[in-house]
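**Q** When you get a sec, could you give me coordinates for this:
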Amino acid sequence: MVELVCPSCFTVNRVPNERLDQQPKCGKCGVPLQQGLPVNLDTAQFDRFINRNGLPVLVDFWADWCGPCKMMAPAFKQSAAEMASKVSFAKVETEAEQSLAARYNIRSIPTLVLFRQGKEVGRMSGALDANGITRWLGTQGV
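**A** Purely as a prediction, here's the structure:
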């Protein structure tokens with residue numbers, strides 16, 4: 001069994017491993033648990049989403065004014081769709097969530113941070129294309 005946090009209501013759902021490729025839905029709100037889209041997180045939702053997800057979570061720390069962040073956004077979205085059964089993707093807007101940016105010592109953006117069971121296990125700063133994101137995740141054991 002794997003715990004997945006619903007991207008809509010943030011309820012924790014238990015899903016059998018063999019059902020991860022079958023579009024499981026939230027038991028509370030019925031939304032697909034793995035939509036293949038990055039989830040926008042704020043401070044209130046962040047810890048639950050990072051700590052309770054059984055899959056690794058890749059977080060893009062970004063800002064609206066950042067050109068490289070905007071250039072990388074479609075690639076991040078593409079990677080989220082391609083790797084939905086292996087990794088959960090999330091985005092944190094650093095201007096709106098300054099406490100999270102400070103907590104994780106985000107010094108430049110975009111910065112990708114990979115979490116497993118709530119712990120940071122990898123970090124990459126700078127914009128990547130979709131292949132670069134996939135390759136980097138591969139070097140992190142995903």
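
**Q** Tell me which residue is most central in the chain.
**A** The residue lying closest to the centre of the chain (CA atoms, centre = their mean) is Phe89, at 2.3 Å.

**Q** Next up, the contacts around that residue.
**A** Applying CB atoms under 8 Å, 6 or more residues apart in numbering, one finds that Phe89 lies in contact with 37-39, 57-58, 60, 76, 79-80, 83. Using the backbone N, CA and C atoms, a C-beta is placed for each residue, glycine as well.

**Q** List only buried entries from those residues.
**A** 38-39, 57-58, 60, 76, 79-80, 83 (16 or more other CB atoms under 10 Å).

**Q** Now, those that are in helices?
**A** By the criterion of DSSP state H, membership of the buried ones among the contacts of Phe89 in helices covers 76, 79-80.

**Q** Going by neighbour count, list what's buried in the helix or strand hosting Asn131.
**A** Asn131 is part of helix 130-139 when elements are defined by DSSP states H and E. For helix 130-139, the buried set under the neighbour-count rule, 16+ other CB under 10 Å, comprises 130, 132-134, 136-137.

**Q** could those residues be laid out in TSV, adding pLDDT?
**A** Conversion of the buried residues of helix 130-139 to TSV gives the following (pLDDT from 0 to 100):
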residue	pLDDT
Ala130	97
Gly132	97
Ile133	97
Thr134	96
Trp136	97
Leu137	97
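
**Q** if we take these, which one ends up nearest to Glu93?
**A** Taking CB to CB as the measure, Glu93 lies nearest Ile133 of those, at 18.7 Å.

**Q** any idea how far the nearest residue to that closest one once chain neighbours are set aside lies from Leu112?
**A** Nearest residue to Ile133 in three dimensions, chain neighbours excluded: Ser79, at 4.3 Å (CB to CB, 6 or more residues apart in numbering). According to CB to CB, to the nearest Å, Ser79 stands 10 Å off from Leu112.

**Q** same thing with Arg103?
**A** According to CB to CB, Arg103 stands 16 Å off from Leu112.

**Q** got it, and Ala90?
**A** Ala90 sits at a distance of 11 Å from Leu112 (criterion: CB to CB).

**Q** Report the set of residues contacting both of those two.
**A** In terms of CB under 8 Å, 6+ apart, Ala90 and Leu112 are both contacted by the residues 58-60.
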